[in-house]
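**Student:** coords below, sequence missing:
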């Protein structure tokens, strides 16, 4: 399980790096908007798509996307 945690954290770091940290988040851990440099737009619904694309690049399963999302939120709140 420790190896998966490391993989999830690295994937979360890739998501944050892709957005250059430009992710608007609430105090309660809800992602409001992200800026995608590949598409050059701010979007409210794009966070899930970016997480999905980065997870697919690392060959994660669909059920693992939620873990990566949690690590993204934890990283941004810390």
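**Tutor:** Okay, I see it. Please read all numbers here as calculations on a predicted model, not as lab measurements.

**Student:** Regarding this structure, what is its longest strand?
**Tutor:** For the chain, the strand with the greatest residue count under DSSP state E is strand 31-36.

**Student:** So what's the model's average confidence on it?
**Tutor:** Across strand 31-36, pLDDT averages out at 77.

**Student:** From the contact counts, what lies against that strand?
**Tutor:** strand 23-25, strand 41-43, helix 46-57, helix 65-77 (3 or more Cβ pairs under 8 Å, 6 or more residues apart in numbering; DSSP states H and E). Yep, even glycine has a C-beta here, placed from its N, CA and C like the rest.

**Student:** Figure out which of these is closest to residue 14.
**Tutor:** Ranking these by proximity to residue 14 (Cβ to Cβ) places helix 46-57 first, at 5.0 Å.

**Student:** got the angle for that closest one vs helix 65-77?
**Tutor:** 120 degrees (axes from the mean of the first three to the mean of the last three Cα atoms, to 10 degrees).

**Student:** on that earlier part again, contacts for the longest strand of the chain next, please.
**Tutor:** 18-20, 22-26, 41-44, 46-47, 50, 69, 72-73 (Cβ atoms under 8 Å, 6 or more residues apart in numbering).

**Student:** same check, this time on stretch 50-62
**Tutor:** Under Cβ under 8 Å, 6+ apart, the answer for stretch 50-62 is 7, 10-11, 14-15, 18-19, 34, 36, 64-65, 68-69, 72.

**Student:** how near is residue 40 to residue 11?
**Tutor:** 23 Å (Cβ to Cβ, to the nearest Å).

**Student:** The two - which one has more neighbours?
**Tutor:** Higher neighbour count among residue 40 and residue 11: residue 11, with 23 against 7, using other Cβ atoms under 10 Å.
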